[in-house]
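Enquirer: From the sequence below, what's the structure:
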Amino acid sequence: MNVTVFSESRNISKCFSALEKSREHELEYRPLSELRKTVKGMGKGSFIYVDISGMDEPERKKTLNYLAKLEEPGYGIIDPKGAVTDMAHLFYSGARDYIGKELYRSGIGVKRFALTASFRRDPEEVEDAGKPQVKRDYLFSGSDWKGIKSGQEYTFIFMFIEIDNKSEIRKMGQARASQVTAEFHDYVADKVASLNGKIWMWMDFGGLILFPFDGKGCDPILEAFKMVLDSRIASSEEFGLDFQLTHRIALHIGNTVYKSRGNTGTIVSDSINSIFHLGQKFAGKGDFCITGEVSEFIPRGLEKCFADAGTFEAREIKKMILPV
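Expert: Reported below is the predicted structural model:
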């Protein structure tokens with residue numbers, strides 16, 4: 001592959017020394033001033049890296065907007081000073097690689113660049129490869145909560161969960177019922193904590209959990225699957241009940257403005273409405289439902305454990321096939 005690096009740095013070649021030694025790719029170094037005229041003649045057999053370290057903010061923004069409009073060649077960003085604060089947005093805009101501070105120092109290896117070169121932006125190519133198709137309106141919130149700020153919109157994994165046995169629990173008396181629902185709250189919080197999940201909204205018998213989403217996977221699928229299978233044992237061990245406490249679960253991936261728990265009353269979100277409707281109006285006793293956005297991430301080996309359940313509010317829904 002022809003790789004062209006646009007940079008004003010005299011030491012930029014150190015970052016690509018491994019690629020040069022491999023002789024698997026043809027490398028060329030050009031000044032940033034030649035970026036636009038050089039790119040015009042490039043096609044699918046080419047890849048470019050653009051060093052943004054010497055740019056002020058207006059120039060950097062202008063350059064990134066220009067690159068985002070490119071279909072070919074593929075491009076990567078070199079950012080040795082860490083000027084970019086939202087790396088996910090770069091990939092959302094079409095970038096295929098990002099070289100930050102640490103990677104700039106260690107350099108690009110041959111295997112890593114092979115993965116970069118094979119990455120495809122075109123949705124049809126992604127589908128053909130059997131990989132999840134990233135939706136264009138996703139605003140990735142990341143793999144943890146570090147970069148999530150109140151008042152800003154992000155894409156999250158939403159989990160709705162609610163106890164089915166409400167009438168049976170109410171019959172136990174207010175004190176015991178409050179104890180069971182409090183234990184259920186803590187049980188759910190413990191299950192989702194390892195996946196960076198946070199209980200976001202909670203009523204007496206259930207609520208809504210948020211998980212950051214980076215577009216790479218949906219780990220709550222497996223955890224919810226386990227919770228369904230473990231409900232009979234949990235009823236006894238966790239809650240001390242002599243009947244099976246069942247709960248319905250729904251998973252969806254969508255967008256919302258984020259605000260801290262307890263300050264969510266003014267949020268208007270189609271995703272929040274959808275997940276509550278799915279959990280309360282569509283899911284049945286003990287069901288585990290997922291939307292089409294989530295089904296793309298079903299773990300390998302569990303595909304046959306979910307069946308098509310039709311459409312609900314214009315979304316394709318799958319249901320976990322419950323054990324007999």
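Enquirer: in this protein, which spans are strands?
Expert: 2-6, 26-30, 46-51, 74-78, 97-99, 153-163, 198-202, 206-212, 247-257, 288-291, 306-312, 315-320 (DSSP state E).
Enquirer: tell me, which of those strands is the model least confident about?
Expert: Among the strands of the chain, strand 97-99 carries the lowest mean pLDDT, at a mean of 86.
Enquirer: helices and strands around that strand, which ones?
Expert: The contact analysis (3 or more CB pairs under 8 Å, 6 or more residues apart in numbering; DSSP states H and E) places strand 97-99 against strand 74-78, helix 87-92. Bear in mind the C-beta positions are built from the backbone N, C-alpha and C, glycine included.
Enquirer: do you know how far Gln244 is from Asn165?
Expert: Per CB to CB, to the nearest Å, Gln244 is found 8 Å from Asn165.
Enquirer: Which of those two has more residues huddled nearby?
Expert: It is Asn165, of Gln244 and Asn165, that has more neighbours when counted by other CB atoms under 10 Å, with 18 against 14.
Enquirer: Leaving aside the residues adjacent along the chain, what's closest to that one?
Expert: Closest residue to Asn165 apart from its sequence neighbours, by CB to CB, 6 or more residues apart in numbering: Leu245 at 5.6 Å.
Enquirer: so who does that neighbour touch?
Expert: By CB atoms under 8 Å, 6 or more residues apart in numbering, Leu245 lies in contact with Ile163, Asp164, Asn165, Ile169, Val180, Phe184, Ser231, Ala234, Ser235, Phe239.
Enquirer: tell me which residues in stretch 269-284 are buried?
Expert: Ser269, Ser271, Ile272, Ser274, Ile275, Phe276, Leu278, Gly279, Phe282, Ala283 (16 or more other CB atoms under 10 Å).
Enquirer: could you dump it to PDB, C-alpha only?
Expert: What follows is stretch 269-284, C-alpha atoms only, in PDB (Å, rounded to 0.1, in the frame of the first residue of the first chain):
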ATOM      1  CA  SER A 269     -35.500  11.400  24.800                       C
ATOM      2  CA  ASP A 270     -37.000   9.100  22.200                       C
ATOM      3  CA  SER A 271     -34.600   6.400  23.400                       C
ATOM      4  CA  ILE A 272     -35.800   6.600  27.000                       C
ATOM      5  CA  ASN A 273     -39.400   6.500  25.900                       C
ATOM      6  CA  SER A 274     -38.700   3.500  23.700                       C
ATOM      7  CA  ILE A 275     -37.000   1.400  26.300                       C
ATOM      8  CA  PHE A 276     -39.700   2.000  28.900                       C
ATOM      9  CA  HIS A 277     -42.400   1.200  26.400                       C
ATOM     10  CA  LEU A 278     -40.600  -2.000  25.300                       C
ATOM     11  CA  GLY A 279     -40.100  -3.100  28.900                       C
ATOM     12  CA  GLN A 280     -43.600  -2.200  30.200                       C
ATOM     13  CA  LYS A 281     -45.800  -2.700  27.200                       C
ATOM     14  CA  PHE A 282     -44.200  -5.400  25.000                       C
ATOM     15  CA  ALA A 283     -42.100  -7.600  27.300                       C
ATOM     16  CA  GLY A 284     -43.900 -10.300  29.100                       C
END
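Enquirer: List of residues touching it?
Expert: Applying CB under 8 Å, 6+ apart, the contact partners of stretch 269-284 are 156, 158, 160-162, 206, 208, 248-250, 252, 254-257, 289, 291, 312-313, 315, 317, 319.
Enquirer: Let me see the mean pLDDT of it.
Expert: For stretch 269-284, the mean per-residue pLDDT is 91.
Enquirer: just to revisit the earlier point, want to throw the strands of the chain into TSV with distance to Arg112 and mean neighbour count?
Expert: Below are these laid out as TSV (distance: least, CB to CB, whole Å; neighbours: other CB atoms under 10 Å):
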stretch	distance to Arg112	mean neighbour count
strand 2-6	13	21
strand 26-30	15	14
strand 46-51	13	22
strand 74-78	11	24
strand 97-99	9	20
strand 153-163	26	23
strand 198-202	33	19
strand 206-212	25	23
strand 247-257	28	24
strand 288-291	33	25
strand 306-312	34	14
strand 315-320	35	19
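Enquirer: need those in JSON lines with distance to Gly147, can you?
Expert: JSON lines is the format used below for these (distance: least, CB to CB, whole Å):
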{"stretch": "strand 2-6", "distance to Gly147": "28"}
{"stretch": "strand 26-30", "distance to Gly147": "33"}
{"stretch": "strand 46-51", "distance to Gly147": "23"}
{"stretch": "strand 74-78", "distance to Gly147": "18"}
{"stretch": "strand 97-99", "distance to Gly147": "15"}
{"stretch": "strand 153-163", "distance to Gly147": "9"}
{"stretch": "strand 198-202", "distance to Gly147": "15"}
{"stretch": "strand 206-212", "distance to Gly147": "9"}
{"stretch": "strand 247-257", "distance to Gly147": "15"}
{"stretch": "strand 288-291", "distance to Gly147": "25"}
{"stretch": "strand 306-312", "distance to Gly147": "32"}
{"stretch": "strand 315-320", "distance to Gly147": "28"}
